[in-house]
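In: Fold the following for me, if possible:
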Amino acid sequence: MVFYETFVLIHAKFPASETKLLMRETARVIVEREGALFRILDLGWRHTAKALYKKEVGHIFYGRWYSLVWGGSPKAKHEVEETLVHNTGVVRQHTIPISKPRKFYSNRSTYYPLIKPLTPPLTHHVPMREIK
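Out: Here you go, the predicted structure:
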């Protein structure tokens, strides 16, 4: 079994219910070809570096990115790509093979700095002791 990661850009005019059906259809295609879907990650709304064009929609400047991590045969990869290419909501899709598990997409943990507490911990509060 070869492991893959598929990135999908869906334009903003595509309804959320249709997006859910698209992800279900992609999962069905993977599972029917003896594959396994490990994770569907919603990467959120992002702007593109330049305007993209799709005949049915027109010019697209932003969309919602999804990441699918799955395993299967190369035939399953071809079927997944065909499913995504022929959908009107998908603007871009890219499938890459993964050689090592640590090469999967992971969120940036160092982008936002950790906020230190503004005040020191409250040490003057001590539990009440029994008075003798």
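In: Helices of the chain, start to end?
Out: Assigned by DSSP state H, the chain shows helices spanning 16-32, 74-85.
In: mind checking which of the ones you listed is nearest residue 50?
Out: helix 74-85 (20.6 Å; CB to CB). (Each C-beta comes from the backbone N, C-alpha and C, glycine too.)
In: Show me where this protein dips below the pLDDT cut-off.
Out: 101, 103-132 (pLDDT under 70).
In: 90 - rerun?
Out: 1, 43-44, 48-49, 52-62, 98-132 (pLDDT under 90).
In: hey, which strand is longest across it?
Out: strand 36-54 (DSSP state E).
In: export it as PDB, just CAs?
Out: Only the C-alpha atoms of strand 36-54 are listed here, as PDB (Å, rounded to 0.1, in the frame of the first residue of the first chain):
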ATOM      1  CA  ALA A  36      -7.900   3.300   3.600                       C
ATOM      2  CA  LEU A  37      -8.700   7.000   4.400                       C
ATOM      3  CA  PHE A  38      -6.800   8.100   7.500                       C
ATOM      4  CA  ARG A  39      -7.600  11.800   7.800                       C
ATOM      5  CA  ILE A  40      -9.600  14.600   6.200                       C
ATOM      6  CA  LEU A  41      -8.200  17.900   7.400                       C
ATOM      7  CA  ASP A  42     -10.000  21.200   6.800                       C
ATOM      8  CA  LEU A  43      -7.200  23.800   6.300                       C
ATOM      9  CA  GLY A  44      -9.600  26.700   6.100                       C
ATOM     10  CA  TRP A  45     -10.200  29.600   3.800                       C
ATOM     11  CA  ARG A  46      -7.100  30.900   1.900                       C
ATOM     12  CA  HIS A  47      -6.400  33.500  -0.700                       C
ATOM     13  CA  THR A  48      -4.600  32.400  -3.800                       C
ATOM     14  CA  ALA A  49      -1.400  34.100  -5.000                       C
ATOM     15  CA  LYS A  50      -3.000  34.900  -8.300                       C
ATOM     16  CA  ALA A  51      -6.500  34.700  -9.800                       C
ATOM     17  CA  LEU A  52      -7.500  31.300 -10.900                       C
ATOM     18  CA  TYR A  53     -10.000  30.700 -13.700                       C
ATOM     19  CA  LYS A  54     -12.600  28.000 -14.100                       C
END
